[in-house]
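Asks: got a predicted model here, sequence first, then my questions.
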Amino acid sequence: MTITHHISKISPKLVLIVNTIFLALLSSCSRVDHKQSALDPKGLVSQNQYDIFMLSVWITIFLFCAVGGCLLYVLWKYRAKSKEEAMEVPEQMHGNSKVETTLILVSAVILVILAVPTLQGVVLMNRVPDPNDTATLEKLKLDKSQIEDAITVNVTGKRFFWVFEYPQYGIVTANELVFPASKAVRVNLRTEDVIHSFWLPKLAGKMDLMPGQENFLWFIADEDKIRKGIDPDGNPYNVDAKVAMPSVFNGEMRETIFTKQAFTDEFEAVGGLFYGQCAEYCGNSHAYMSFRALAQTDEDFDKWVLKFRNAQNPNLQPSAYMSESKYSKGDIVTFSDSTIGENVTREYRAVKVANKGQTPSTQPKSWEKVHSDDYEKGKILFGTQGCAQCHAINKTGLGAKGPNLTLFGLRTSLAAGWMRNDEESLDKWLRNSNEVKFGNLMWNGEGVDDRHPLRQLEDDDEKVSQLVTYLLGLK
Amino acid sequence: MATESIKYAAPDTETKLETKVFPRPGQHTSGIVDWLTTIDHKKIGMMYGLTALFFLLIGGVEALLIRSQLWSHNMDVLTNRQYNQMFTMHGTTMVFLVIMPLSAAFFNYLMPLQIGARDVAFPRMNALSLWCFVAGGLILNLSWFFTGGSPAIGWFGYAPLTDTRFAEVIGDMGPDFWIFSLQMLGLASLLASFNFITTIINMRAPGMTMMRMPVFTWMTLIVSFLIILAFPAITIALVELMFDRTYDTNFYDFLEGGKPHLWQHLFWIFGHPEVYILILPAMGIVSEVIPVFSRKPLFGYGLIIFSGAIIGFMGFAVWSHHMFTTGMGVVATSAFSILTMLIAIPTGIKIFNWIGTMWGGRIRFDTPMLFALGFITMFMIGGFTGIMHSSVPIDAQHQDSYFVVAHFHYVLIGGALFGLFCGFYFWIPKMSGRMLNESLGKLVFTLMFIGFNLTFFPMHYLGMIGQPRRTHSYNEGHGFETWNQIATIGSAILGVGIAIGIFQFINAFFNKKLKPAGKNPWDARTLEWTLSSPVREYNFARNPIIKSRDQAWENNYGAKENHSEKEPLDDHGVHMPDRSWYPLLTAFGLFVLVIGMLFHASIGPAGELVRDYTVAICGGTIAIFGIIMWSLEGPAGYHLFPKENEE
Amino acid sequence: MSDASAHALDHHEPVTSTGIPNKKVLMWAFLGSDCMFFGTLISTHLIYRKISATVGGNTLDVRDIFDIELTSFSTFILLASSLFMALAVSAIHKGNLKSTRWMLFGTIIFGSIFLACQVYEFTHFAHGKENVNGDLEHQLTLSSYAGKTLEEGKDAVLEPHVFGSTFYVLTGTHGTHVAIGVFWLIGWFVYSFTGKMSTADAMDIECCGLYWHFVDIVWIIIFPVVYLMEYAF
């Protein structure tokens, strides 16, 4: 017998072996923590989706083994063992309606097993449970307040980044969705250009952002799961809520992520950090359209909201210094400073009571500079280099073409979740964003050409470092 | 062909019309003119197959480029736009220029032989279908050379990404080429399908009742009906899109009142039956091969055909399962979810019946049988993941991830392509008259099987751990690298397997050293195996009178009363219709029309839009001239007088 | 060519399995497919019908645009042409060539009147209507619609609209079908003067008739769905 002859006999078996191994692998891999894995659900909705998926996987494995086993048995038992046998004429039977009817009924029953949880899952995905429906809440192990105090986020997809608007608080941020871990989050999905898809595998599955229509999705994180960690020996342990979900508002989240995770395979889970991605092809840079969701304790979330609200409140922006006013300690005013440029104002904070006429220039002891010179120069550059045409800072700026950069220094990632938001990356990004993320709209968008000041930054170390200082100083 | 047996018929009547420009090529035409003007269903089938295999290589190279770009994170084998063009072209090519025409090749070659007909009902229309297909393929691939390059919109071109408003290259022509090429290909498929339907309904040999037809012919009929009912939806969707892009209408422009949702509905009303258009022919082929290599008739013939018809029919009722994540609401998603699950039942029936066929048989493991078994197992996996997707909550994670990519490649390669390769290994002896090398065939199967599973099985897992489809790059740290590398290696193995396979198929027609096949090398069952290999120009010297299903088998092993008979020799001879230039000319006219439409608009000196339809009108005129001359020349023809045993 | 002599017209109509001629089966299959074409177009129109009234500042009341009397007339004409077509088919079956010729002529004329009405309709819709001040209003183009004039001496403002798109493409596709039918009939009409026409062509003319009746029936659906419904709901 030739080798190929051997293979020919083995190959149908090979099919089974290879695939069973893979299927087994598939189910065992569910315990591996991957950043963006649907096999590691951390929320109610995604857990439900995962459970139904695993049910279907087991049904599939069962069916594959049953039918495949049957096939193998038949192939083995009825193989032609010799040339003579291969020429025999077996009984020519044309069918057996009893067997066939049975098999049809059995397959219908198996489908029902899948259909029931499917229909329940559809309802769960699409509707936030009624807070007064205690029976359902009990079944889902939810507390009434978790639903009643749900927050709403309006997501707008733009090529190629995400706008997150919190209508309850009147604040707008981009690319990083901060949410309270204990509360339901209602997500309204809209788009201003083409179709995108909001995919947050560990929390919610996905839903498309359809032009001219508002779609809906909701999720609620499971705090217990977020707090679960696995030590190097593979033993599970629970971490403190504050450790699992470091606070965003004071930059702890950013620091933790930087220490624990590089953009490499070296990766340690930060419980409160979730990865998301645009899942509907939306143009050149579709691959780069990712985002993050950051879970927070209730307390930290409130603090973050407050901080953000203040930053974007037009009434709380520092006003120009008025010589008739008397300023108390801690007040911030803007006042001109010729050392950094002509007709330029910068922020001063009163370190003690400043009486009428005690301007920062005449009474330097009463005032301190809020920010460094580089920060202030970067701020000016932000206006003169054309950045402000597309990016809003310290205002909601919903119509802006680019991502809102309010409190940018607290963000963990840069370029729609593509790279770590630190000095090194930001430096690289500002010099030539096209090299980092080919086809991004900051480099290639409408009105940006070779004469645009942004494209002159490449070799201008000073300007770049000032811009970096300014942007990362926004916190 | 045995020319010495052929006598000329005396000219009874004048042909209706003679032109000096395009004289009809005569009976003895050979060489390139013969191939260009042929109306013989066998030659048309072979050209369909050859062109499709050529496009399979092109689409395969595109796939390999895609795979090498995904070898590791942040690779730059291709830029993002090039990558997006690659997957658009790969998808469009593989669906419309490979799988469909490969099926059409088998339909063309085999269906008339299986029902005992001398040709299809409208031989010249068949030729027009071929040339429209070639023109469509040409138009699609010409797009590489014009503004914006190939389309970068995905093979289902979701609005509003196709709108000029969102073009990423100024004056991007890619989508226009895509639209017009799909229209041409649609025309080709429609013409072929009208022809096949008429042929199967009307031109069966005496005694060949519907329930005696081979399963492959049944699947041809079902697929043809699917095509004529499904293609109009995409044709109109494309017309609307063409109007949107060219004449500024607002069908899909959401800023001006249109609904991008509509495109998805129209596309998938076509697109889901299309899935069955791709898979049913392969099922037909496998349903022919398994009985032959088990030496038993098909188990549950009626049920297999009925389930095929049910699959086709239900294919029109499940399109929205491609749109579970578009926000259709609870009721619609649930309904489509349940309907989709139901389709698993007829599909399951087919698998049970194939196993039932083998039960109690004498199973031989020749290459066609291996491909058939590969088909069953791979298609089973594709089917199971399909059932998973039918569940909306699961789909919410799977949609647009690599899991879906794995699923449809299991159906389209593990299913359709394995089925079609099975058909090639099975029928090439009939087409070329020579046996293919068994060892090489088994090597091809092994390479394809291993390569295919290595490439696509890891994608299930990749999808689950969060790799979205259609992304040209991924970031570090997601754990995607290893599995992508396995997939890339697998794709290279698969590519080698397919390339050797294609070489083997083409080689069979030229390599005289190969073993001659004889009439029925596999001891097969259906009517075409009663004919010589390769089949003569006239197929049947005398019309067969069919007495049973599996006629070739019955003639060898069956009771005397089941043996087929032949109609008496007719002193009239076998009437053969003449070759014609007009199908080619008409298709050329349509091609020029399309080119004219593509380039009709330009910017005038004052910056205004200038529309110039001269070329388009020329093309249209050529096409209309072709059609008029075609109808005036009539079928004409000559007569052959083959001897009794020459068929 | 030496083979020219071998060209033979072999017109013994082949026996078919069903007894129905091949061309007729082909035509029925084509018409089945064509149903789906029009089905898709009509559903597109129906989907957009209601929402299209709310887009832009101009509220669109289709009754301001339509000229229902004219369209009713052309509908009647098209229906009448079907009668001529049926008579032509019956005449050719009986071998009455003269009658066939003139019935074909009648069908062509009525078909052409219908087309003329449609051309008139399209140009007028696209041009708009003049109000008492001589300003243009209710102008419907492929991509936009102008409502009422608000100021004297100024034409109404065109705003993006989807009604024009669905309306023109749907009725235009139907018009194209009618035009193809008319050209086909003209072909037969001209052929009838060559002296070659015989009852052998009855089958082909019958197919032409099938097509013509189908196009007619489609209009019977389009007319109420696109025109009359706007006056009812």
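Replies: Happy to help now that I have it. Numbers count the residues shown, from 1 in each chain, chains lettered A, B, ... in the order given.

Asks: and the residue of chain A found nearest chain C, what are its phi and psi?
Replies: Using C-beta to the nearest C-beta, A:Gly212 is the residue of chain A that sits closest to chain C, at 9.6 Å. Backbone N, C-alpha and C define where each C-beta goes, glycine included. Backbone torsions for A:Gly212, taken as degrees, to the nearest 10, come to phi 70, psi 20.

Asks: residues contacting it?
Replies: Each residue near A:Gly212 by C-beta atoms under 8 Å, 6 or more residues apart in numbering or on different chains is listed here: B:254-255, B:258-260.

Asks: measure B:Arg536 to chain C for me?
Replies: Distance, B:Arg536 to chain C, by C-beta to the nearest C-beta, to the nearest Å: 18 Å.

Asks: got it, and B:Gln551?
Replies: Remark: distance between B:Gln551 and chain C (C-beta to the nearest C-beta) = 16 Å.

Asks: near that residue, how many other residues are there?
Replies: 29 (other C-beta atoms under 10 Å in any protein chain shown).

Asks: stretch B:625-638 and chain C in contact?
Replies: Yes - using C-beta under 8 Å from any C-beta of the partner chain, stretch B:625-638 reaches chain C at B:628, B:634-638.

Asks: host element of the residue nearest to the spatial centre of chain A?
Replies: With distances taken as C-alpha atoms, centre = their mean, the residue of chain A nearest its centroid is A:Arg292 (2.6 Å). Secondary structure from DSSP states H and E places A:Arg292 in strand A:290-296.

Asks: for that strand, what is the average pLDDT?
Replies: Taken as a whole, strand A:290-296 has an average pLDDT of 93.

Asks: ok now it, how far from the chain's centre?
Replies: Chain-centre distance of strand A:290-296: 5 Å, with C-alpha atoms, centre = their mean, to the nearest Å.

Asks: helices and strands around that strand, which ones?
Replies: On a contact count with 3 or more C-beta pairs under 8 Å, 6 or more residues apart in numbering or on different chains; DSSP states H and E, strand A:290-296 meets strand A:176-180, strand A:273-278.

Asks: the helix or strand following the first one pairs with which strands, and in what direction?
Replies: Right, the one you point to is strand A:176-180. Per DSSP H and E, the first helix or strand lying C-terminal to strand A:176-180 is strand A:184-191. Partners of strand A:184-191 in the sheet, by DSSP bridges, are strand A:151-158 (parallel), strand A:215-220 (antiparallel).

Asks: name the residues that touch strand A:184-191?
Replies: Contacts with strand A:184-191, where a contact means C-beta under 8 Å, 6+ apart, come from A:128, A:146-147, A:150-158, A:179, A:198, A:204, A:207-211, A:214-220, B:327.

Asks: and what of stretch C:166-184?
Replies: B:239-240, B:243, B:249, B:251, C:34, C:37-38, C:41-42, C:44-45, C:48-49, C:52, C:78, C:108, C:111-112, C:114-115, C:118, C:122, C:140, C:142, C:208, C:211-212, C:215, C:218-219, C:222, C:226.

Asks: filter those residues down to the ones in helices?
Replies: Residues of the contacts of stretch C:166-184 located in helices (DSSP state H): B:239-240, B:243, C:34, C:37-38, C:41-42, C:44-45, C:48-49, C:78, C:108, C:111-112, C:114-115, C:118, C:122, C:208, C:211-212, C:215, C:218-219, C:222.

Asks: can you give me every residue that contacts A:Asn96?
Replies: Here A:Asn96 is in contact with B:299-300, B:356 (C-beta under 8 Å, 6+ apart).

Asks: output the below-cut-off pLDDT ranges for the chain.
Replies: I'll assume chain A. Chain A contains residues with pLDDT under 70 at A:1-33, A:230-232, A:262-268.

Asks: not quite, I wanted chain B
Replies: Counting by pLDDT under 70, chain B shows low-confidence ranges at B:1-22, B:570, B:644.

Asks: wasn't A:Glu368 part of a strand?
Replies: Yes - with DSSP: H, G, I helix; E, B strand; the rest coil as the criterion, A:Glu368 is assigned to a strand.

Asks: who is it paired with across the strands?
Replies: Beta bridges link A:Glu368 to A:Arg349, judged by DSSP bridges.

Asks: going along the chain, name the strands of chain C.
Replies: Assignment of strands within chain C using DSSP state E yields the ranges C:129-130, C:136-137, C:139-140, C:144-146, C:158-160.
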